[in-house]
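[1] Show me how the following folds:
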Amino acid sequence: MHDYQRPPTLHLYGMRDELEQALKAGQFRLVPANGFLTISFSQAWNKSLFEVLGPADCCLVIHNSEEFGERLHRAVQRALPNWAGIDGAVEYGTRSPLGAAFTKSRAEAQEQEWKFAWRSLSPNTSLNPVTVKIGSIEQFAELRAPESHLV
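    Modelled structure (predicted):
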């Protein structure tokens, strides 16, 4: 049995300019992967992920993943009404029950990825990146530089 409870904290590694837009406007970009539109976060604060998931000079730390996840799913539902969304932990080295979009090699396990994914309910839908806005998340998120330490 798999537990799909969201982790308490999500981390998005990236460039500060982009992450400031995410923090202030709640602007997130979904990109095509394995037949889905996806956005991935890490469940971990790990200095090496600035390189692994980079180029990154900043990390958006989301302290309320439940509120964030619900707002993100609602925003995508408005933008893409004919799409079904799911989120869950990526499995490393074994096939995820959620499918190929949630399966990666054991070598990538340090990413500790949590992925949000949407697929079209209409056949032959072309997959193009989509940007959604969920509104400011400043009340439960912060930007953190690589040299920061968890308190």
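[2] So for the nearest residue to P8 once chain neighbours are set aside, what pLDDT did the model give?
    Leaving aside its chain neighbours, P8 sits nearest to S65 (6.3 Å; criterion: Cβ to Cβ, 6 or more residues apart in numbering). The way it works is simple: take the backbone N, C-alpha and C, and place the C-beta from them, glycine included. Note on S65: pLDDT of 97.
[3] and if you look at the one 10 residues further on?
    The confidence metric pLDDT takes the value 97 at A75.
[4] name the element it belongs to?
    For A75, the enclosing helix or strand under DSSP states H and E is helix 65-79.
[5] from the chain's centre, how far out does that helix sit?
    The chain centroid and the centroid of helix 65-79 are separated by 11 Å under Cα atoms, centre = their mean, to the nearest Å.
[6] hmm, back to that, so the residue nearest to P8 is in contact with Q5, correct?
    No - using Cβ atoms under 8 Å, S65 makes no contact with Q5, being 9.4 Å away.
[7] which residues touch the residue nearest to P8?
    Remark: with contacts taken as Cβ atoms under 8 Å, 6 or more residues apart in numbering, S65 is in contact with R6, P7, P8, T9, L10, W114.
[8] Tell me which two in those are the farthest apart.
    In the contacts of S65, two members sit farther apart than any others by Cβ to Cβ. They are P8 and W114, at 11.1 Å.
[9] Which one of the two is surrounded by more residues?
    Neighbour totals were compared for P8 and W114, and W114 leads with 23 against 11 (other Cβ atoms under 10 Å).
[10] so how far is N124 from the closest residue to the more buried one other than its chain neighbours?
    Computed as Cβ to Cβ, 6+ apart, the closest residue to W114 that is not its neighbour in sequence is F41, at 4.9 Å. Using Cβ to Cβ, to the nearest Å, F41 is found at 30 Å from N124.
[11] same question, G69
    Going from G69 to N124 by Cβ to Cβ gives 29 Å.
[12] Which one's more surrounded, the two?
    Higher neighbour count among G69 and N124: G69, with 18 against 5, using other Cβ under 10 Å.
[13] Excluding chain neighbours, what is closest to that one?
    R6 (5.5 Å).
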